[in-house]
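Asker: When you get a sec, could you give me coordinates for this:
(2 chains)
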Amino acid sequence: MSSYKPEEIESKWQEYWKKNKTFKTAENHDKPKYYVLDMFPYPSGSGLHVGHPEGYTATDILARYKRMNDFNVLHPIGWDAFGLPAEQYAVKTGTHPRDTTEKNINRFREQLKDLGFSYDWDREVNTTDPDYYKWTQWIFLKLFDKGLAYEDDVPVNWCPELGTVLANEEVIDGKSEVGGHPVVKKPMRQWVLKITEYADRLLEGLDDLDWPESTKKMQRDWIGKSMGADIDFEIDGHNEEIRVFTTRPDTIFGATYMVLAPEHDLVDKITTEDQKDAVEEYQEEAARKSDLERTELSDEKTGVFTGAYAINPANGERVPIWVADYVLATYGTGAIMAVPGQDERDWEFAEKFDLDIIRTVEPPEDFDGKAYTGEGKAINSEFLNGLGVEEAKEKIIDWLEEHSAGKKAVNYKLRDWLFSRQRYWGEPFPIIHVDGEPKPVGEDNLPVTLPEMDDFEPTDDGNPPLAKATDWVNTEDPETGKPAKRETNTMPQWAGSCWYYLRYCSPEFQDGPVDPEEDNYWMPVDMYVGGAEHSVLHLLYARFWHKVLYDCGVVSTKEPFQRLVHQGMILGEMEFTGYQKGDDWISANIKEDYDNLERVKLDEEQVEKKGDDFVIKGTEIRVDAKAHKMSKSRGNVVNPDDIIDQYGADSMRLYEMFMGPLEQVKPWSTKDVDGVYRFLGRVWRMIINEESGELNESVSEAEPSRDQLKTLHECIQKVTNDIEDLSFNTAISAMMIFINEANKWDEHPKEILEPFIKLLSPFAPHISEELWHRLGNEETIAYADWPEFNEEYLISDTQLYPIQVNGKVRGEINVPREKAKDKEYVLSEAKAEENVKRYLDEGNLVKEIFVPEQIVNLVVK
RNA sequence: GCCCGAGUGGCGGAAUUGGUAGACGCGUCGGACUUAAAAUCCGAUUGGUAUCUAAAUGCCAGUGCCGGUUCGAGUCCGGCCUCGGGUACCA
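Answerer: As a prediction, the model looks like this:
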């Protein structure tokens, strides 16, 4: 072997790492620990795409870097393997989801190994393994015991034609995505988890986490805590009250009407005979609409008067009660007091139906809008008049409490978590129903395994597929021997991914989900890398379970993921698109004026840049230049396997990191991989003689020169700092600078080469191991000591000063190191610089700026 | 609509606390090596402009747009524009 052949050295070292269990996690706890985690992959049938290795390479670099810095590193991987695609495939082809899943996992595992990631493969977990989901079920029992899991009738999307329940995204315009059959809302018995009970703690816990602010904000908004008051309005002529929640109790004197959601219980009771038909029709119409439709068709507000009136408790006014679907049944009490003067939605509704509008907060003089929602003094509000919004809120709440008409209240957008799915390929609930009551099966009877089946379709009456496994469903209560029926719903895919990071700490532990000693050592996760699409759901659900487990004494930390980073999406290659109508080209800036334009993909050679836009070469016709999200339908998906075949895994890893900052969205460009590949070739040839295959003659035991040490230590400093900052792209460029410099040397002392190879090894581990061994080292480079930089070598003999005149650089001077901070010396040298002198001669020097070791600026007038 | 994030060469991107804008890489052009090609190596590469030409050295403009602060602004402040992402009647 002589030239750089990644295909040979990469499989060689992957084999070596496997055989020697190089990356097996240390059993001892006597070093500082570092837990670096990738988000749990779903092993899909299409295999890895280039987005996966982006985050995985970043974490692998950190894992390898920390090992070399003498940390015990936990760097595991596993499979979030339950889920709908394998089940749908089973319905279509009869292949058992277990077989599909196993096949997909094997493919993923091979692909990850081909990339040379340093996972501890002995800790691999799989959510579909009964030994794993035993503990998922165990955690569910804890939730059940604590009263955090309950059954409820929840409206779901039921499609009678298909005989199945559909997820929200499977329903389009009230019809099934598949087949276009009508879908109705149907209440069904479902398991629900009381995540709302943890709302405040989930909110508070965010404060101390090192997460992107935007992600924390999304979680806060999702939880949506708002402070206000519950207020009761009596209904004129009925012995009933309407309770509303409002964040603006201070505006109560402007409450000129009330609105009930169409589903509100009181609607039927209070509607007058005259209005009955209209109200019922409206309710039916609302029921037919899906949630999506209701919000999508929100341009125009709709509603009907019930004929009934309520009494405003603050001033005794009679106000009409309406029904409208802009009030949601599921938030607050499903009823509002409408205050058009201070609420845009209410204003719009009041305007349309000609209802009274009273301002109760004085808008600023220049205000010309409709509803005024800002700060101001209360008006038209009797005893609140003159108060600011906050004072008025406090005062009216006191008043309402005194008069037993209301009280301070808190509301959350967060709802309880619908936790059951009508599917086969998920964790069975460890629950049996005895005499119609749910009962846990008891820890000793875990796991409750999935029954063997070959028909995965739901039953005709909408029961989940598991209902068909009658032998499995019909069982007896192990305690009493009474006949019992097993729960036939399964858990959603989120369940397994809510706690997998704990299982990695002790995958073999038999007495609980996690060994307390291992939990105590490894948790929390120090670095968690994954896509921003999981900002809310996965991360919120996992935090919820973690807090429950904390309360149960199972884990020792309050939060699971101390630091979180989202890798940015990798887009497809940049595409140029021209637009044609017949044979005529249409400029992209006016394409909206035409229908049915033909899109034509153009080659890079066919276009050029003109001003801020790209045009067809030699014309003024603009084209669109854009990188799109990778998708099968667009045909711009890059397969990592092809890149590895062509360039090797080291180049693939290097390119993914070199493209740009980790967290940024970046377009892929296969030809750019050439750059990092050539870099690795240069590293190779610096050390290996391509003709002989031996070490180059320039590789020597000689003492390194001062210049060589400077080049090396600049590189060490930059690479070390950049890894700490996750600036992998600039770390790689620093190593390129080193190579460009080192290639000019006649001699390459090992004392320089070896530290450099260490710097390279977390990024490109295969070539680094190979060169490390060729330089005469026996042990793997994976645990070699990370090089330390020595400030002493970084100092150069001279200091360069750019000289500015009026802020513009007019020359530069080099001064000896010992004079570098000598203001007078530097300034006199600066003024003597030839080009600078010309400017000084033209005017009067009025000011001298001297920034030591940086810059000189002379102000001339 | 609201909330985030981002606008820098032909392209991806660099640029500590404000201190030489364009590092590094791709592409392009030129050269070396070669019978030739590939590979490799060397040089040039923001635009405009001046000194007869070249080399070399200057000058002017330039980090989405307009304005401000400062000796000095890609970086800070005010006002816009465009693109990307999230969210959607949550009272």
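
Asker: pretty sure residue A:548 is touching residue A:146, no?
Answerer: Yes - with contact defined as CB atoms under 8 Å, residue A:548 and residue A:146 form a contacting pair (6.9 Å). To be clear about C-beta, it is placed using only N, CA and C from the backbone, and glycine gets the same treatment.

Asker: Looking at those two, which one has more neighbours?
Answerer: residue A:548 (23 against 13; other CB atoms under 10 Å).

Asker: In chain A, what residue comes closest to RNA strand B?
Answerer: Going by CB to the nearest atom of the strand, RNA strand B is nearest to residue A:675 of chain A, at 2.1 Å.

Asker: May I have the secondary structure class of that residue?
Answerer: helix (DSSP: H, G, I helix; E, B strand; the rest coil).

Asker: what about the nearest residue in space to it that is not next to it in sequence, neighbour count?
Answerer: Leaving out its chain neighbours, the residue that sits closest to residue A:675 by CB to CB, 6 or more residues apart in numbering is residue A:658, at 7.4 Å. Using other CB under 10 Å, residue A:658 has 21 neighbouring residues.

Asker: do you know how far residue A:658 is from residue A:729?
Answerer: Per CB to CB, to the nearest Å, residue A:658 is found 5 Å from residue A:729.

Asker: Also residue A:360?
Answerer: 56 Å.

Asker: got it, and residue A:39?
Answerer: Taking CB to CB, one finds residue A:39 at 22 Å from residue A:729.

Asker: same deal with residue A:579?
Answerer: Relative to residue A:729, and taking CB to CB, residue A:579 is found at 35 Å.

Asker: just residue A:388 next, same as before
Answerer: Counting by CB to CB, the gap from residue A:388 to residue A:729 is 51 Å.

Asker: Looking at these two, which is more packed in?
Answerer: Neighbours per residue (other CB under 10 Å) separate residue A:388 from residue A:729, with residue A:729 holding more: 17 against 13.

Asker: residues from the stretch 651-800 of chain A in reach of RNA strand B?
Answerer: A:658-661, A:664-667, A:669, A:671-672, A:674-676, A:678-679, A:681-682, A:727, A:729-730, A:732-733, A:736-737, A:740, A:743-744, A:800 (CB under 7 Å from any atom of the strand).

Asker: for residue A:228, phi and psi?
Answerer: Main-chain dihedrals, residue A:228, degrees, to the nearest 10: phi -170, psi -140.

Asker: what about it, how many residues close to it?
Answerer: 20.

Asker: I figured it hits residue A:245, correct?
Answerer: Yes - shown here, residue A:228 and residue A:245 form a contact pair, counting by CB under 8 Å, at 6.1 Å.

Asker: okay, and the common contacts of the two?
Answerer: Listed as contacting both residue A:228 and residue A:245 by CB atoms under 8 Å, 6 or more residues apart in numbering are A:409, A:411.

Asker: Could you measure from the residue positioned nearest the centre of chain A over to residue A:539?
Answerer: In chain A, the residue lying closest to the centroid (CA atoms, centre = their mean) is residue A:532, at 2.0 Å. Going from residue A:532 to residue A:539 by CB to CB gives 10 Å.

Asker: can you tell me the distance between the two ends of stretch A:779-794?
Answerer: Stretch A:779-794 stretches 30 Å from its first residue to its last (CA to CA, to the nearest Å).

Asker: would you list every one of the helices in the stretch 601-750 of chain A?
Answerer: For the stretch 601-750 of chain A, the helices defined by DSSP state H, counting those that start in this stretch cover A:640-647, A:649-658, A:673-687, A:706-724, A:728-742, A:750-760.

Asker: Can you give me the buried ones in the third one?
Answerer: Spelled out, it's helix A:673-687. Neighbour-count burial for helix A:673-687 flags A:673, A:676, A:677, A:679, A:680, A:681, A:683, A:684, A:685, A:686, A:687 (criterion: 16 or more other CB atoms under 10 Å).

Asker: Which residues does the helix or strand harbouring residue A:827 contact?
Answerer: For residue A:827, the element it lies in under DSSP states H and E is helix A:823-832. By CB under 8 Å, 6+ apart, the surrounding residues in contact with helix A:823-832 are A:801, A:803, A:811, A:813, A:815, A:819-820, A:836-837, A:840, A:845, A:848, A:850, A:852, A:856, A:858.

Asker: With stretch A:803-820 instead?
Answerer: A:795-802, A:822, A:825-826, A:829-830, A:833-836, A:839-840, A:852-853, A:855-860.

Asker: List the ones among those that fall in helices.
Answerer: By the criterion of DSSP state H, membership of the contacts of stretch A:803-820 in helices covers A:825, A:826, A:829, A:830, A:834, A:835, A:836, A:839, A:840.

Asker: so residue A:489 touches residue A:431, yeah?
Answerer: No - contact criterion CB under 8 Å: residue A:489 and residue A:431 do not qualify, at 9.1 Å.

Asker: for the nearest residue to residue A:71 once chain neighbours are set aside, what are its contacts?
Answerer: Distances taken as CB to CB, 6+ apart place residue A:34 nearest to residue A:71, at 4.3 Å, with adjacent residues excluded. Contact analysis of residue A:34 by CB under 8 Å, 6+ apart lists A:62, A:63, A:66, A:71, A:72, A:73, A:74, A:526, A:527.

Asker: could you redo the residues you listed as a markdown table and give each row secondary structure, pLDDT and distance to RNA strand B?
Answerer: Below are these laid out as a markdown table (DSSP: H, G, I helix; E, B strand; the rest coil; pLDDT from 0 to 100; distance: CB to the nearest atom of the strand, whole Å):
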| residue | secondary structure | pLDDT | distance to RNA strand B |
| --- | --- | --- | --- |
| A:62 | helix | 97 | 18 |
| A:63 | helix | 98 | 22 |
| A:66 | helix | 97 | 22 |
| A:71 | coil | 97 | 25 |
| A:72 | strand | 97 | 31 |
| A:73 | strand | 98 | 26 |
| A:74 | strand | 98 | 29 |
| A:526 | coil | 96 | 24 |
| A:527 | strand | 96 | 19 |
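
Asker: Count the residues that sit near the closest residue to residue A:361 other than its chain neighbours.
Answerer: Spatially, and ignoring its direct neighbours in sequence, residue A:361 is nearest to residue A:376 (4.3 Å; CB to CB, 6+ apart). By the criterion of other CB under 10 Å, residue A:376 has 17 neighbours.

Asker: Assign a three-state SS to residue A:376, would you?
Answerer: Relying on three-state DSSP, one would call residue A:376 coil.

Asker: Which pLDDT value goes with it?
Answerer: pLDDT, residue A:376: 88.

Asker: List only those of the contacts of helix A:823-832 flagged as buried.
Answerer: For the contacts of helix A:823-832, buried by 16+ other CB under 10 Å: A:801, A:803, A:811, A:813, A:815, A:820, A:836, A:840, A:850, A:856, A:858.

Asker: Kindly calculate the angle that the one helix or strand the third one maps to makes with helix A:823-832.
Answerer: Meaning residue A:811. Element membership of residue A:811, judged by DSSP H and E, is strand A:808-816. In terms of direction (axes from the mean of the first three to the mean of the last three CA atoms, to 10 degrees), strand A:808-816 departs from helix A:823-832 by 130 degrees.

Asker: thinking again about what came up before, among the contacts of residue A:34, which one sits closest to residue A:654?
Answerer: Nearest to residue A:654 among the contacts of residue A:34: residue A:62, at 15.5 Å, using CB to CB.

Asker: The closest one: how many residues sit nearby?
Answerer: 22.

Asker: go on, residue A:824?
Answerer: If you count neighbours by other CB under 10 Å, residue A:824 ends up with 9.
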